[in-house]
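> Next comes the sequence, and after it the predicted model I'd like to discuss.
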Amino acid sequence: MNIDEIKRALSEQSIAVTEESRLPNDIGSQLRLQNEAIVNAFDKGTWNVQGKNPGKKDIEKILSDAAAGNKGTRPVTNRNVFIVYGHDTATRDATENMLRRWKLNPIILDQIPSEGKTIIEKLEKYRSQAQYAVVLATPDDIGHRAEKKDEIAFRARQNVVLELGMMLAILGRQRVAILIKGQEKMERPSDIQGLIYIPFKDDVKETRLQLAKEINSQGITIDLKAV
């Protein structure tokens with residue numbers, strides 16, 4: 001497994017990485033975990049776990065199951081969902097409330113203490129704790145190609161597009177859903193194939209059943225009868 005796959009397997013079991021650094025001779029990366037275990041992830045695809053604490057065997061089991069594709073043997077306990085949003089705070093709040101009703105844990109950057117970190121540092125820290133991301137593409141900006149003023153259209157904020165790319169990089173396309181408001185007048189923030197776009201006209205609740213199904217399909221269980 002590569003380093004991203006190892007971090008994904010740990011994240012699925014709510015095991016936080018407290019420190020990441022490169023190994024001597026630049027042969028891989030070392031992850032220090034919250035239970036004091038240490039994972040060495042080598043660039044050639046192998047790994048090992050250091051430490052004498054009781055949690056070492058648990059980490060080895062988690063990574064062995066993930067490497068063997070036996071994810072079903074351990075339920076996903078991480079229910080953190082990162083919300084990416086622009087200026088439409090009403091839609092953000094409605095999305096947060098909807099996720100909480102499904103017993104998920106929304107992560108919203110504005111609600112997290114800065115602890116002296118810049119916005120990008122906060123993003124880097126908390127994106128790795130998320131199991132899924134919901135990106136709110138709302139019509140906050142207006143734009144067009146320089147030579148095509150007649151193509152004017154609404155766009156998501158630039159920070160939304162940036163954070164979308166970051167979430168795709170760490171979580172993968174299947175774990176990122178883009179809720180796009182008023183799609184007939186909106187320019188899509190990306191032309192990457194295979195992205196999950198869920199349109200709504202006015203109220204984000206219009207997306208609830210499809211979004212719940214998408215999240216549920218990734219092992220984050222939701223009672224669809226209660227959606």
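That came through, no problem. Numbering: from 1, shown residues only.
> Mind listing residues that contact stretch 60-73?
1, 5-6, 8-10, 12-13, 15, 39, 47, 49, 74, 219 (CB atoms under 8 Å, 6 or more residues apart in numbering). C-beta coordinates here come from the backbone N, C-alpha and C atoms, glycine included.
> and with 6 Å instead?
Residues from elsewhere that reach stretch 60-73 (CB atoms under 6 Å, 6 or more residues apart in numbering): 1, 9, 13, 49.
> just stretch 99-112 next, same as before
Under CB under 6 Å, 6+ apart, the answer for stretch 99-112 is 79-83, 96, 122, 126, 130, 222.
> Any buried residues in it, and which?
For stretch 99-112, a neighbour-count test (16 or more other CB atoms under 10 Å) marks 99, 102, 104, 106-109 as buried.
> same thing with stretch 14-27?
Going by neighbour count (16+ other CB under 10 Å), the buried part of stretch 14-27 is 15, 17.
> ok so, going back, can you say which of the contacts of stretch 60-73 are buried?
1, 9, 13, 49.
> From those, pick the one nearest Gln34.
Gln13 (11.1 Å; CB to CB).
> Give me the residues contacting the lowest-mean-pLDDT helix or strand in the chain.
Across the helices and strands of the chain, mean pLDDT, DSSP states H and E gives its lowest value to helix 119-127, namely a mean of 73. Applying CB under 6 Å, 6+ apart, the contact partners of helix 119-127 are 107, 109, 166, 170.
> Could I get the phi/psi values of the third one?
Phi and psi for Met166, reported as degrees, to the nearest 10, are phi -70, psi -40.
> pretty sure Thr18 contacts Asn35?
No: taking contacts as CB atoms under 6 Å, Thr18 lies outside contact range of Asn35: 9.6 Å.
> wait, is Phe29 part of a strand?
One thing to correct before we go on: residue 29 is Ser, not Phe. Yes: applying DSSP: H, G, I helix; E, B strand; the rest coil, one finds Ser29 inside a strand.
> In TSV, list the contacts of stretch 99-112 along with distance to Leu211.
TSV is the format used below for those (distance: CB to CB, whole Å):
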residue	distance to Leu211
Arg79	14
Asn80	16
Val81	10
Phe82	14
Ile83	12
Glu96	13
Lys122	25
Tyr126	21
Ala130	15
Ile222	9
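> for the record, mean pLDDT for the helix or strand harbouring Ala212?
Assigned by DSSP states H and E, Ala212 falls within helix 208-216. Averaging the model's pLDDT scores along helix 208-216 yields 94.
> so what does it touch, helix or strand wise?
If you count contacts as 3 or more CB pairs under 6 Å, 6 or more residues apart in numbering; DSSP states H and E, helix 208-216 packs onto strand 196-200.
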